[in-house]
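> this one's structure only:
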């Protein structure tokens, strides 16, 4: 028996990376898991891995930007499992490019997935989490929701918005004494495919950008999943993943806005 045994947990973006690791680890700990992604093939691989633990599973193709679909999905999951205890809004994408370079559609696409996807998932499942009497919302932001970096304006905006939305929700749940805990997650460099699957402005070297990310990604998705679930069990308000996340959080707290010149200089040297 574990803290998660028998709890119904929903994970978006479960086709790879942190989402896959979360779905598998939740299944290993005895949770009943509803997983979703737009990547049907990747999701099938996750379901196969999770099924090895004999857990009660459900997998669905879901685009978190399609609000009506997310609302229908939440109702369907609640009906099938009878309740929903944990929702982890993890689905996300990235795009590299200066704000001058980016098209409006590039900014909108990142915001639609990384912010509005979180909003859609939170709003759709919140009534069921309240009704469960023991709910938990986990929204995945980033270290780029703690500080901004050059060439990641769209991603920064979405992840800062996710942080603000999540922190406001936590305060509301406390003030209204709702039986729902809220956690905001800030991963540092995680060994996932997000950089390799990211878009970029014209003229940027995709392989070079992906290789740069690979060099700084130190934490495995499996370790990230364990840290997140540890934070859920302790009902933490904020979860930092990786030594780099801890260092970046300290930089933001100590340096204040002065961090921006430092990061701009580092970004110039690294070609961001």
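Received the coordinates, thanks. Fair warning: this is a prediction, and the values are worked out from it, not measured in the lab.

> need the helices for the stretch 151-272 of the chain, in chain order.
153-175, 206-216, 221-233, 243-255, 259-270 (DSSP state H, counting those that start in this stretch).

> same question for the fourth one, mean pLDDT?
Spelled out, it's helix 243-255. Averaging pLDDT along helix 243-255 yields 96.

> The helices of the stretch 151-272 of the chain: which one's closest to residue 138?
Proximity to residue 138 (CB to CB) singles out helix 221-233 among these, at 6.1 Å. Using the backbone N, CA and C atoms, a C-beta is placed for each residue, glycine as well.

> Spatially, which residue comes closest to residue 107, not counting chain neighbours?
Leaving aside its chain neighbours, residue 107 sits nearest to residue 154 (4.7 Å; criterion: CB to CB, 6 or more residues apart in numbering).

> Hmm, residue 102 and that neighbour touching each other?
Yes: the pair residue 154 and residue 102 qualifies as a contact (CB atoms under 8 Å) at a distance of 6.5 Å.

> I'd like the helices of the stretch 151-272 of the chain laid out as JSON lines, including mean neighbour count.
Listed next are the helices of the stretch 151-272 of the chain as JSON lines, based on neighbours: other CB atoms under 10 Å:
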{"stretch": "helix 153-175", "mean neighbour count": "19"}
{"stretch": "helix 206-216", "mean neighbour count": "13"}
{"stretch": "helix 221-233", "mean neighbour count": "20"}
{"stretch": "helix 243-255", "mean neighbour count": "15"}
{"stretch": "helix 259-270", "mean neighbour count": "13"}
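
> Quick one: closest of the ones you listed to residue 190.
helix 221-233 (5.3 Å).

> Tell me what angle the closest one forms with helix 243-255.
Angle of helix 221-233 versus helix 243-255, following axes from the mean of the first three to the mean of the last three CA atoms, to 10 degrees, is 60 degrees.

> So which elements touch helix 221-233?
In terms of contacts (3 or more CB pairs under 8 Å, 6 or more residues apart in numbering; DSSP states H and E), helix 221-233 is packed against helix 17-28, strand 135-140, strand 180-187, strand 238-241.

> if we can go back for a sec, show me what contacts the residue nearest to residue 107?
By CB atoms under 8 Å, 6 or more residues apart in numbering, residue 154 lies in contact with 95, 97, 102, 106-107, 109-111.

> re the thing from before, relative to residue 263, which of the helices and strands packed on helix 221-233 is closest?
Ranking those by proximity to residue 263 (CB to CB) places strand 180-187 first, at 16.0 Å.

> now what about that closest one, what contacts it?
Against strand 180-187 from outside (CB under 8 Å, 6+ apart): 18, 126, 129-130, 135-143, 145-146, 162-163, 166-167, 169-170, 173, 219, 224, 228, 231-232, 235-242, 245, 249.

> returning to that earlier point: single out the most deeply packed of the helices and strands packed on helix 221-233.
Of the helices and strands packed on helix 221-233, the one with the most neighbours on average (mean count of other CB atoms under 10 Å) is helix 17-28, at a mean of 27.

> so what secondary structure elements neighbour whichever helix or strand comes after it?
Sequence-wise, the next helix or strand downstream of helix 17-28 (DSSP states H and E) is strand 32-37. Using 3+ CB pairs under 8 Å, 6+ apart as the contact definition, the elements that strand 32-37 packs against are strand 8-11, helix 17-28, helix 40-51, strand 57-61, helix 67-81.

> if you average pLDDT over the last one, what comes out?
Read it as helix 67-81. 98.

> and the closest residue to residue 246 other than its chain neighbours, what is it in contact with?
Leaving aside its chain neighbours, residue 246 sits nearest to residue 240 (5.4 Å; criterion: CB to CB, 6+ apart). By CB under 8 Å, 6+ apart, residue 240 lies in contact with 143, 186, 188, 246, 249.

> so the last one touches residue 144, yeah?
No: using CB under 8 Å, residue 249 makes no contact with residue 144, being 11.9 Å away.

> list the contacts for residue 83?
Residue 83 touches 8, 128, 131-132, counting by CB under 8 Å, 6+ apart.

> again, only using 10 Å
By CB atoms under 10 Å, 6 or more residues apart in numbering, the residues touching residue 83 are 6-8, 32, 77, 128-129, 131-135.
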